[in-house]
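In: this is a predicted model, with the sequence first.
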Amino acid sequence: MILLYDILKTVHVLSVIIWVGGMFFTHFILRPAVVELDLETRMRLMQGVLKRFFSVVLAVSLLSLASGVWMLGRVAKQTVQAGAGFNMPLAWTIMAVLGVVMVAMFFHIRFALFKRFNRYVGGSEWESAGLALTKIRRWVFINLLLGVVIVVVTLLS
């Protein structure tokens, strides 16, 4: 069972690296570089990039959530079976709560905001698409900050 735990922990950490790293890259590297493009080109490029990125994030966010819940449950079960009471460490609580918030925020970004953005791009409504993309960017930035907080709390515990 140790091997399964190690595999899930690796999946969990790699999922977080992909997700948080992708948000950082998109926000601080890609976005400033595409500002120089004309509005239509920029919106179409970001639509393609975000479609691919959000597909990956959908997978890794669910992998992260599932692996985290499994690992937490496994440790709790082993602790109780050993005759001790399980008290979840504060860092794990912060990680779990903020992780669930991050997934919920991602779902809002992907299934509400990005859907609206796609509708505007599909209708060649470039100004509206730009405003929708700004909302996506703001939500992604908040999610990035939460991800960084989780990483820092985890490393400092």
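Out: Happy to help now that I have it. Numbers count the residues shown, from 1 in each chain.
In: the spatially closest residue to residue 40 that is not a sequence neighbour and residue 16: what is the separation?
Out: Spatial nearest neighbour of residue 40, excluding adjacent residues (C-beta to C-beta, 6 or more residues apart in numbering): residue 126 at 5.5 Å. In this view, the C-beta of every residue, glycine as well, is placed from N, C-alpha and C. For residue 126, the distance to residue 16 equals 34 Å [C-beta to C-beta, to the nearest Å].
In: OK, contacts around the residue nearest to residue 40?
Out: Counting by C-beta atoms under 8 Å, 6 or more residues apart in numbering, residue 126 makes contact with 39-40, 43, 120.
In: what do you get if the cut-off is 6 Å, keeping everything else the same?
Out: Contacts for residue 126 (C-beta atoms under 6 Å, 6 or more residues apart in numbering) come out as 39-40, 43.
In: now residue 137: how far from residue 46?
Out: For residue 137 relative to residue 46 (C-beta to C-beta), the value is 9 Å.
In: again with residue 57
Out: With C-beta to C-beta as the criterion, residue 57 and residue 46 are 15 Å apart.
In: one more: residue 127?
Out: Residue 127 sits at a distance of 14 Å from residue 46 (criterion: C-beta to C-beta).
In: same drill for these two, tell me which one is more crowded.
Out: residue 46 (23 against 10; other C-beta atoms under 10 Å).
In: check what pLDDT the more buried one gets.
Out: Predicted confidence (pLDDT) for residue 46: 98.
In: give me phi/psi at it?
Out: The phi/psi pair for residue 46 (degrees, to the nearest 10) reads phi -70, psi -30.
In: now do the contacts for it.
Out: By C-beta under 6 Å, 6+ apart, the neighbours of residue 46 are residue 133.
In: center of this structure - which residue?
Out: The residue lying closest to the centre of the chain (C-alpha atoms, centre = their mean) is residue 19, at 4.8 Å.
In: thought that one was touching residue 60?
Out: Yes - here residue 19 reaches residue 60: they are 5.1 Å apart, a contact under C-beta atoms under 6 Å.
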